[in-house]
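1. Model the following, please.
(4 chains)
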There are 2 protein chains.
Amino acid sequence: MAFRPIHTRRAFEEICDRIREQLALGVLKPGDKLPPERDLAQQLGVSRNVLREALRSLEMAGVLRLQKGVKGGAFVQQGDTSRMNVVMRDMLSLGTISIRELSEARVQVLDLVVRLACANARQSDFEALQANVERTELFTREGRLLERVECAREFYKLLAIACGNKVIAMITDAVTEIHMRFVYAKVASSGVAMARLVERRKQFLAALRERNAAAAARLMRGHLGAVQKMLEQDPGAMSLQIALAEMKPGMK
Amino acid sequence: MAFRPIHTRRAFEEICDRIREQLALGVLKPGDKLPPERDLAQQLGVSRNVLREALRSLEMAGVLRLQKGVKGGAFVQQGDTSRMNVVMRDMLSLGTISIRELSEARVQVLDLVVRLACANARQSDFEALQANVERTELFTREGRLLERVECAREFYKLLAIACGNKVIAMITDAVTEIHMRFVYAKVASSGVAMARLVERRKQFLAALRERNAAAAARLMRGHLGAVQKMLEQDPGAMSLQIALAEMKPGMK
DNA sequence: TTCCATTGAATGGGTGATCCATTTAATAAT
DNA sequence: ATTATTAAATGGATCACCCATTCAATGGAA
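-> Below is the predicted model of the structure:
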């Protein structure tokens, strides 16, 4: 018989829960401002320090933004879809999930994404992807490989958006972000880069425009396999630790 | 031209990042204990209050557990896969995603899960699912409907585990948790319940055992559709707010 | 009047000292 | 040997400050 550890209820947890409850009930909405720390602390009957522990946690969770100055305060945010990426990173760092599992999941999720995008993509989605491929082409011509990696990151984001479902998009982003760090680190360290990337993108986009899910999915699977192979080429011997720890600016 | 808001760097963020960096680098591993707050604060050159803001945030993120008493301290945890559920809940509360998107995503994810489970499930997975169906049968016979809902929640968890990929399992859990709250609230308020649930489960499990992905996926789709229809039956007029705010014990 | 510099209040950011509550190990009493 | 007591370590929480930033109000100069 195993007992789950008791979680002694602490003030800051209670506060977080109450604020989240107000959010769930719709009493608090994005854009709203909470009372000043000093007031709210008094209302809740806790010290300002404890209240701040709660506010900080909610800020880290992407629920609040704290802003200084008169007219500042704690503002309810629009949901930050990148919080899921942080969860994924933590799981990897802690060894709860493995790179292999993440890659596998990514392949499966992208397969789904491609099929959904084929079914649901709008003209504007195609145009955004088209523009992305053109930028990729530019960077390829000019040998700006690291910028091309950023382009690739954006490509998957646009593809996920083309599904027309923000939940799927969020999930896709979460399983893609770490992977792109690896690619970035690989390209930065070894200078190698995917051959015929633009060609592949164009083929893929053509299949997508024809809404040919089977062909698009096949092309995507093939591409992912090729990228995987490139990553596994020894030189550089990518390390999980390095890729995770190296926080490139703008890579939140 | 739009500028991203500058994020003034605050001490607690810096601390969180440094600790996460140590995790990513493998310097800190699950089970490790951080120095006592008083020591660590001094090492980092910050006040204990600020350090605590950081530790609290990391605790909320499921990275640390803080334990009182001599021999207590801040311990690095195994990754908590339920953190993704919290993100999903926040996104819903904040209106970043909709129930409709979540349901759609769930249908798609479960389709994938069923196929993967067909391919990868082991004997032990079948046995766990079998045992779950038997409990479902018991609760059905005895009219313990709310416990049966808990059983259903477990069913999807087991199915996700049968995929053999923890990332997929985590995602599945995240898209399933909210849904099961709705079902719970519906059953609790109206007393209605899915007809022929056990029969459906048995059929599904049989298809899974035969590793007949097409049949299993078809059965799952049918079942999800039926459940959706049940939820949409007016009486009770389920409210997102209520389902989200009502925190049933054990539903973390 | 219009514009710009000054100023002051509101608010989050951060500090240090202090006490409480819980947990555990060492110690003492039975 | 067993049990009760005690003391130390550690997180939980409070209080009283002070600093830095922001912005609106004020007031003087053009």
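
2. switch to C-alpha atoms for all contacts and neighbour counts from now on
-> Will do.

3. Where does A:Arg65 sit: helix, strand or coil?
-> Here A:Arg65 is strand, with the state taken from DSSP: H, G, I helix; E, B strand; the rest coil.

4. Show the model's pLDDT score for it.
-> Predicted confidence (pLDDT) for A:Arg65: 96.

5. Check the residue of the stretch 1-150 of chain A found nearest DNA strand C and give its pLDDT.
-> Using Cα to the nearest atom of the strand, the single residue of the stretch 1-150 of chain A nearest to DNA strand C is A:Gly73, 3.0 Å away. According to the per-residue confidence, A:Gly73 scores 94 in pLDDT.

6. Can you tell me the closest non-neighbouring residue to it?
-> Spatially, and ignoring its direct neighbours in sequence, A:Gly73 is nearest to A:Gln67 (5.2 Å; Cα to Cα, 6 or more residues apart in numbering or on different chains).

7. So that neighbour sits against A:Gln77, correct?
-> No. The pair A:Gln67 and A:Gln77 fails to qualify as a contact (Cα atoms under 8 Å) at a distance of 11.8 Å.

8. more crowded one of these two?
-> Looking at A:Gln67 and A:Gln77 with other Cα atoms under 10 Å in any protein chain shown, you find the greater number of neighbours at A:Gln77, namely 19 against 13.

9. Report the separation between that one and A:Ile19.
-> 13 Å (Cα to Cα, to the nearest Å).

10. and if you look at A:Ser103?
-> When distances are taken as Cα to Cα, A:Ser103 and A:Ile19 turn out to be 36 Å apart.

11. Same question for A:Val198.
-> Shown here: A:Val198 relative to A:Ile19, a distance of 48 Å by Cα to Cα.

12. Equivalent analysis for A:Ser82, please.
-> Separation of A:Ser82 from A:Ile19 (Cα to Cα) stands at 21 Å.

13. do the same with A:Phe126
-> Using Cα to Cα, A:Phe126 is found at 40 Å from A:Ile19.

14. Pull the residues that contact the longest helix along chain A.
-> What stands out as the longest helix in chain A, according to DSSP state H, is helix A:166-190. By Cα atoms under 8 Å, 6 or more residues apart in numbering or on different chains, the residues outside helix A:166-190 that reach it are A:81-82, A:84-85, A:88-89, A:102-103, A:105-106, A:109-110, A:113, A:145-146, A:149, A:153, A:156-157, A:160-161, A:163, A:192-193, A:231, A:235-236, A:238, A:243-244, B:97, B:101-102, B:105, B:171.

15. With stretch A:154-164 instead?
-> Outside stretch A:154-164, the residues that touch it by Cα under 8 Å, 6+ apart are A:113-114, A:116-122, A:125, A:128-129, A:132-133, A:168-169, A:172-173, A:176.

16. So which residues of the stretch 151-252 of chain A form helices?
-> In the stretch 151-252 of chain A, the helices defined using DSSP state H, counting those that start in this stretch lie at A:166-190, A:197-209, A:213-232, A:240-245.

17. nearest to B:Leu138, of those?
-> helix A:166-190 (35.1 Å; Cα to Cα).
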